[in-house]
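> need the 3D shape of this:
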Amino acid sequence: MKVAVLVKHVPDVQSERRIEDGHLVRGEDDVINELDENAVEAAVSLVEEIGGEVVAVTMGPEDAVDAVRRALQMGADSGLHVCDERLTGTDVLGTARVLAAAVRTLGDVDLVLAGMASSDGETSVVPAALAADLGWPVASVASRLECDGTTATIERTVDSIDESVRVRLPAVVSVTDQVNEPRIPAFKAMMAARKKPVTEIDLAELGLADDVEADAGALLGASGAGVRVRDASPIPAREQGTIVTDTGDGGTRLADYLKQVM
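Purely as a prediction, here's the structure:
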C-alpha cells in the first residue's frame, strides 16, 4: 500500500508572526505543521500494520524540505518537495492543484493523508480541493482511522453528531489531533532519516509551468490567487490592567468599571 502524507512548513505558533507585502514572513522560526505530525503518525502506523510505503509530500521554498525531513524521522520512507519560486502567493486552490499533480507523479497511490488544517492559513480547504482535483472521495476531520487496503473508515464528530464514514480507496483523509499521539523520533531514527531519498521537482516537471502565466489566465502564483491580503497590522500590545485595592467599596468600584467598558 502506498500512502502519500502532506506536510507543511509553517511559522511556529509560539513565535511572533509578521506579514510583509501581503505575505506571511517565513523561514525565521518554522516547524512542521502540528496537525501534519498526526497525519504522518497515522500513515506510518498504517504501513507498519499492513505493509507498504509512506511518501511525505510538501510544496514550498527551499527550507520547506525540513518538514519532509521531520516526517522521514518519524518513519516516512521518502519525500517529494515541490519547489518553484513562481509559486509564491499561490492560494489554497492552487496549492491543491500542485499537490494533486505531485501525487500523480508517485504512481499508484492508495491513500493521501493530511492534517485537517495548517496553523498559518487555517482554511481546512486543501484536503477537499485536492480530492476534487484527483477525482477521489474525501473523508475529513477524522478522530479515528482504520484501513484494510481497499477501504478507509473514519469516525468524526460534526456539530455534536458522531459519524462513521467509509470510503473506497484511493481516497483522501484529513485527521484531527485526536486520531493519535505522534511519536517522538529516537536518535537512531533521526540519523537513518538522513539517508532517505528526497526528490525536488518544479512546475515544469509537473506540467504546470503554463499555469503561472498571467496573460494566459494564471491559476498559480500571486497573479492566479483568488484572495489578496489588503491590510495587516500587528496585534496591539497588551495594556497593564488596573489594580483596585478593596477598602470596603471594591464592589461598587468594580460595578462602575463594568459600566464604563460595556
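> in the helix or strand hosting Val141, what's buried?
When elements are assigned from DSSP states H and E, Val141 belongs to strand 138-142. For strand 138-142, a neighbour-count test (16 or more other Cβ atoms under 10 Å) marks Val138, Ala139, Ser140, Val141, Ala142 as buried. For glycine as for every other residue, the C-beta is placed from the backbone atoms N, C-alpha and C.
> again with stretch 221-239
So stretch 221-239, judged by 16+ other Cβ under 10 Å, has buried residues Gly221, Ala222, Gly224, Ala225.
> repeat for stretch 118-125
Buried residues in stretch 118-125 (16+ other Cβ under 10 Å): Ser118, Ser119, Asp120, Gly121, Ser124.
> among those, which are in helices?
For the buried residues of stretch 118-125, not one is inside helices, with DSSP state H as the criterion.
> in those, find the pair that's most separated.
Asp120 and Ser124 (12.4 Å; Cβ to Cβ).
> need the contact partners of the longest helix seen in the chain.
Counting residues, the longest helix found in the chain (DSSP H) is helix 34-50. Applying Cβ atoms under 8 Å, 6 or more residues apart in numbering, the external contacts of helix 34-50 come out as 1, 3, 5-8, 13, 52-54, 56, 67, 70-71, 74-76, 111, 113-119, 145, 147-149, 174-177, 179-183.
> centre of the chain versus that helix, how much separation?
14 Å (Cα atoms, centre = their mean, to the nearest Å).
> could you give the angle of the following helix or strand past that helix to helix 34-50?
Next helix or strand after helix 34-50 toward the C-terminus (DSSP H and E): strand 53-59. Here the directions of strand 53-59 and helix 34-50 differ by 160 degrees (axes from the mean of the first three to the mean of the last three Cα atoms, to 10 degrees).
> can you list contacts of strand 53-59?
With Cβ under 8 Å, 6+ apart as the criterion, strand 53-59 contacts 1-9, 40, 43-44, 47, 64-65, 67-68, 71-72, 75-83, 87, 90, 95, 98-99, 102-103, 106, 109.
> which residue ranges of the stretch 101-250 of the chain form helices?
With helices called from DSSP state H, counting those that start in this stretch, the stretch 101-250 of the chain shows them at 126-134, 187-193, 203-206, 221-224, 250-261.
> returning to that earlier point: just the buried members of the contacts of helix 34-50?
Buried subset of the contacts of helix 34-50 (neighbour count, 16+ other Cβ under 10 Å): 1, 3, 5-8, 52, 54, 56, 67, 70-71, 74-76, 111, 113-119, 145, 147, 174-176, 179-180, 182.
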